[in-house]
Each structure stands twice: as structure tokens, then as C-alpha cells.
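**Q** From the sequence below, what's the structure:
(one chain, ligands or ions: 1)
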Amino acid sequence: MPEISLSRGYTLIAHGPARVRVLEGSVHVFGATLGAGSEAFAEPTRSLPLHATENTKLHVETGSFSLFEGDTTPGEWYSLAETILEEGLRRVIVVGDVDSGKTSLVTLLVNALAGGGRRVAVIDADVGQKSIGPPGTVGLGVTDRQVYTLTSIEMHDAFFIGSNTPSGILHRSLTGVALLLRKAEKLSDFTVIDTTGWVTDSEGRELKLFKAFLTEPDLVVLVGDPRTLAQIERPLKKLFRVVRVPRPRAVFERRREDRREYRRWMYSKYLSRATVKSVDIESIDMAYAFSFTGFPLTPSEKAKLEGILGVGVLYAERSDDHLGAVVLSQPIQQAVELAKNVLGVRHARIISGFELVHSVVGFMSREKYCEGIGVITSFNPHEKQISVLTQVESLSDKLWLLGVQKVNPSSFEEEAGLEKWFI
Ligand SMILES: Nc1ncnc2c1ncn2[C@@H]1O[C@H](COP(=O)(O)OP(=O)(O)OP(=O)(O)O)[C@@H](O)[C@H]1O
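**A** Below you'll find the model as predicted:
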């Protein structure tokens, strides 16, 4: 691939996946300086604006490129960063529409605030288009150095919400932000919170409002179209300091397929060193599910249940209002109703176990909200074993959080997921 001479003042936008090496001179990417010898990688479906601050020579490998005159990053973004640093605004939340440039602005703020002994925490609550932590999580990373992309900040911890959208589970997203903020502020001088681009309907607006109520930011930054953000801006202005900044002039909008492809890349990143581990189903404790949450039935209760259902029962449990069972074949509905009556429960979840296959799970421990994620690869009814592709060790001492998303463990492509609370 060719060498490119980039004149001072021009911006070369690399569309990922793309790799660029600076041969001579230097470029700025969201405020981070890349000098001669540095390399930059634009993630699949994302773009990196390389702004030449002097006459520069680049070596470009793979990817496509566009050239712009001037800096495509708005001047207001740089002034905003200066204000935050000068006034010591420790807690900043960035809110905006999809593809408004939120993540890029957060990157620029990190670059302006980190360094000189200062540490910056980023809480990445953009669960569908993650930079820090796998998809379906709120992630926390801390850095004391400049980064040209947030994905290079290591995940310190995360909170698995179990879905690529907070829709219907706002409480999980809010709890994740609250818990990680507590951790973030022990580790850093500044915390910047990135959010999803979901700002338009009532649930999306509520999520943003509650995130602000919960985090009590020193500054709310609204990025993008004022008309889209008006219903968030007015209430927030009454309570907090709010500033509005424009979106960059060269943002490249991503289609639904691009967003899926980006998630595929992120899943592969977090599962690339994973191995398949097998666990006895009786040793699992789960949340975000009905199954694996009740008291296991004794052998005699299980035998009685088999008699009522008329099918082999591998595992069964109950709580005050639910019966959960893993069975060898599906019983008839009347038998399930009879079992509910006999046990005096309102709900029955009778599963074969195969429903779980390819589900994404999160693993929580006492030390970390998220030790990592995994993909259930198989269910062996006769051995009562579940196998999971994961980097996490010793799965039976973790709390399993069952996600609704399914992912193919070989290609990492998303598959149709579970209905919430189906299992
Ligand atoms: N100044 C800029 N010049 C060129 N491209 C940019 C600039 N700022 C952002 N982009 C690109 O535009 C795309 C969208 O930006 P970004 O991901 O920051 O927006 P977002 O609002 O966080 O998106 P999402 O809706 O996924 O949350 C990205 O590929 C990003 O690299």
C-alpha cells in the first residue's frame, strides 16, 4: 500500500479496518499526538481522523481513506476540554444522538485531562457500541496517558446488563453506572461517562435523566442536534450545568449491519483467548433468569415430579412461586399444570437446556462485577454438564448472569436471542 504525503492542516480519515504508520512528521487524533514511528488502527466500521499538524508522511495499510481540508474535530470540543481542566470539573457525562460523536468527544476529553500525574476514568455505558468492556456491559477503564482510541484503555471492571440495548432493563444500566462510578472515583481525578445514543423516545430520555440524577455530574455535555436533545436539555438545565457542542462535520453514519459487525469484532476481542470449560449444572447459581435460582428438589421430590410430568427430569428446583426443571423431553401442558398445582407455584419453566446454547453470560464475583463474559457452547443432558467458551477461570464459584443475546462461538456473529425471562 502507498505512502501518503499529508500537508499541514489537512485531515486524512481512515475508515476501519485500517492501519496507518507515521513515517515522518506527526498527526493529531482526537487530541492525541502520534509522532514518527507511531501506528494507529481504525476498528472495523469506525473512522479515525488523522489531522496533520506539520507536513507528514504516512504509510497506509488496508482500509479506505478520505481527505478533508482543515480539522474535522470542532474547535468547541478543544475549548470544552480546557474549561473542564481549568475548572476541575471532576464528573462529566456526555449525551447525544446516535453517530453524533460522543465516543470521539470522550476520547478527546481523556487526552486533554490525562497526563501530568492526572488519571482519567471512563465509564462506557454505550452497551451496544462498546469501547471499554464487551457488548452488553457498562465498562470502566482508567488511564493516565493519551489514547487515540478508547478501545485501547484496558477494562478495569464492568457490569453485565445482558443485552445490547438498555430497553426494558434501565435499572441494570443505571446500577452499572452507579457501581462503577464509585470504583472510578477511588482510582481517578476525573470521570467521563459515555452513554448510548438512545435519546428520542420516553424510555431513552428517562434513562438519560436518571443517569444524570444518579451521577450528579459537574457538567452535562450535549453533542449534536439541539432539536433532538431539547427534551433532555430543558429539564437537565434546571438542575445541572449543561453545555451544548456541535457534532463533527465529517462523521460517518453507521448502518445497523455496521453496528452488528462492530459488536462481532468486540466479542472476538474479549473471547479470543477463551477456552471451553464444562460445569455441572447443579453447581450453577444464576441471575437474570428464573432457572438455577431456587432450592433443588430432593431425590424423592424429583421422582414424584417425574411421575407427574411423565418425562425424565435431570434437574429440578422450586421457589415460593416457581418450578424450574431441566427435562429429557417436553411434557404435555396438562401435566405441567398439574405439577404447578401439586407444588402450589404460579410459574413453571420446563426447559431442555438446549435453549441456553449460544447465550452470552456474564460472570460476577465478590471482587469484580464482571470477571468476563462467555458463550454457552453446549449442554449435555446425560452428563448434566454445561460448556462455556470463556476466558474466566473456575466458573462454579461465580454468579452467572444470563444474557438475552446469543452469539455464534466460532464466528462471533449475533444470533436471534432469548425472550427476556424465558428461562
Ligand atoms: N472529527 C471527526 N472526524 C472524522 N470522523 C469522526 C470525527 N469524530 C467522529 N468521527 C467518526 O464518526 C463515527 C461516529 O463517531 P462516534 O463513535 O464518536 O459517535 P457516537 O455518537 O459515539 O456513536 P454511537 O451512536 O455509536 O454511540 C466514528 O467512526 C468516529 O470515528
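**Q** in what helix or strand does residue 264 lie?
**A** When elements are assigned from DSSP states H and E, residue 264 belongs to helix 256-271.
**Q** Moving C-terminal from that helix, which element do we reach first?
**A** Next in sequence after helix 256-271, counting helices and strands by DSSP H and E, comes strand 275-280.
**Q** That next one pairs with which strands, parallel or anti?
**A** Here strand 275-280 is paired, per DSSP bridges, with strand 385-390 (antiparallel).
**Q** rewinding a little: buried residues in the helix holding residue 264?
**A** By 16 or more other Cβ atoms under 10 Å, the buried positions in helix 256-271 come out as 259, 260, 261, 262, 263, 264, 265, 266, 267, 270, 271. Backbone N, C-alpha and C define where each C-beta goes, glycine included.
**Q** and the second one, what is it in contact with?
**A** Think residue 260. Listed by Cβ atoms under 8 Å, 6 or more residues apart in numbering, the contact set of residue 260 reads 413, 414.
**Q** what about 6 Å?
**A** Listed by Cβ atoms under 6 Å, 6 or more residues apart in numbering, the contact partners of residue 260 are residue 414.
**Q** What is the nearest of the buried residues of helix 256-271 to residue 284?
**A** Comparing the buried residues of helix 256-271 against residue 284 with Cβ to Cβ places residue 271 closest, at 19.7 Å.
**Q** Report the beta-bridge partner residues of the nearest residue to that closest one once chain neighbours are set aside.
**A** By the measure of Cβ to Cβ, 6 or more residues apart in numbering, the closest residue to residue 271 outside its immediate chain neighbours is residue 389, 6.2 Å from it. With DSSP bridges as the criterion, residue 389 is bridged to residue 276, residue 375.
**Q** Quick check: residue 389 touching residue 410?
**A** No. When contacts are counted by Cβ atoms under 6 Å, residue 389 is not listed as touching residue 410 (9.2 Å).
**Q** So those two - more neighbours on which side?
**A** It is residue 389, of residue 389 and residue 410, that has more neighbours when counted by other Cβ atoms under 10 Å, with 20 against 9.
**Q** rewinding a little: distance to the ligand added to the buried residues of helix 256-271, as a markdown table?
**A** Below are those laid out as a markdown table (distance: Cβ to the nearest ligand atom, whole Å):
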| residue | distance to the ligand |
| --- | --- |
| 259 | 7 |
| 260 | 12 |
| 261 | 12 |
| 262 | 8 |
| 263 | 11 |
| 264 | 15 |
| 265 | 13 |
| 266 | 12 |
| 267 | 16 |
| 270 | 18 |
| 271 | 21 |
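**Q** With distance to residue 92 and pLDDT added, can I get the residues you listed in a markdown table?
**A** Below are these laid out as a markdown table (distance: Cβ to Cβ, whole Å; pLDDT from 0 to 100):
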| residue | distance to residue 92 | pLDDT |
| --- | --- | --- |
| 259 | 25 | 95 |
| 260 | 30 | 96 |
| 261 | 30 | 96 |
| 262 | 24 | 96 |
| 263 | 26 | 97 |
| 264 | 31 | 97 |
| 265 | 27 | 97 |
| 266 | 24 | 97 |
| 267 | 29 | 97 |
| 270 | 26 | 95 |
| 271 | 32 | 96 |
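**Q** Need the max-distance pair from the residues you listed.
**A** Spatial extent of the buried residues of helix 256-271 (Cβ to Cβ) is set by the pair 259 and 271 at 18.5 Å.
**Q** and the helix holding residue 264 with strand 385-390, angle?
**A** With axes from the mean of the first three to the mean of the last three Cα atoms, to 10 degrees defining the directions, helix 256-271 sits at 100 degrees from strand 385-390.
**Q** and helix 256-271, how far from the chain's centre?
**A** 11 Å (Cα atoms, centre = their mean, to the nearest Å).
**Q** what does stretch 29-41 give?
**A** Relative to the centre of its chain, stretch 29-41 is centred 25 Å away, using Cα atoms, centre = their mean.
**Q** First-to-last residue distance for it?
**A** This stretch, stretch 29-41, spans 11 Å end to end (Cα to Cα, to the nearest Å).
**Q** same question, stretch 60-68
**A** Start and end residues of stretch 60-68 are separated by 17 Å (Cα to Cα).
**Q** Check which residues of it are buried.
**A** 60, 63, 65.
**Q** swap in stretch 143-158?
**A** Within stretch 143-158, the residues scored as buried using 16+ other Cβ under 10 Å are 143, 146-153, 155-158.
**Q** got any ranges where the stretch 201-350 of the chain has weak pLDDT?
**A** By pLDDT under 70, the stretch 201-350 of the chain has no low-scoring segment.
**Q** Flag every residue of it that's near the ligand.
**A** By Cβ under 6 Å from any ligand atom, the part of the stretch 201-350 of the chain that sits against the ligand consists of 248, 250, 251, 252.
**Q** and the last one, helix, strand or coil?
**A** What it means is residue 252. Secondary structure for residue 252, judged by DSSP: H, G, I helix; E, B strand; the rest coil, is coil.
**Q** isn't it right up against residue 49?
**A** No. Applying Cβ under 6 Å as the test, residue 252 and residue 49 come out as separate, 10.2 Å apart.
**Q** neighbour-wise, which of the two wins?
**A** When residue 252 and residue 49 are compared for neighbours, residue 49 comes out ahead with 23 against 13, by other Cβ under 10 Å.
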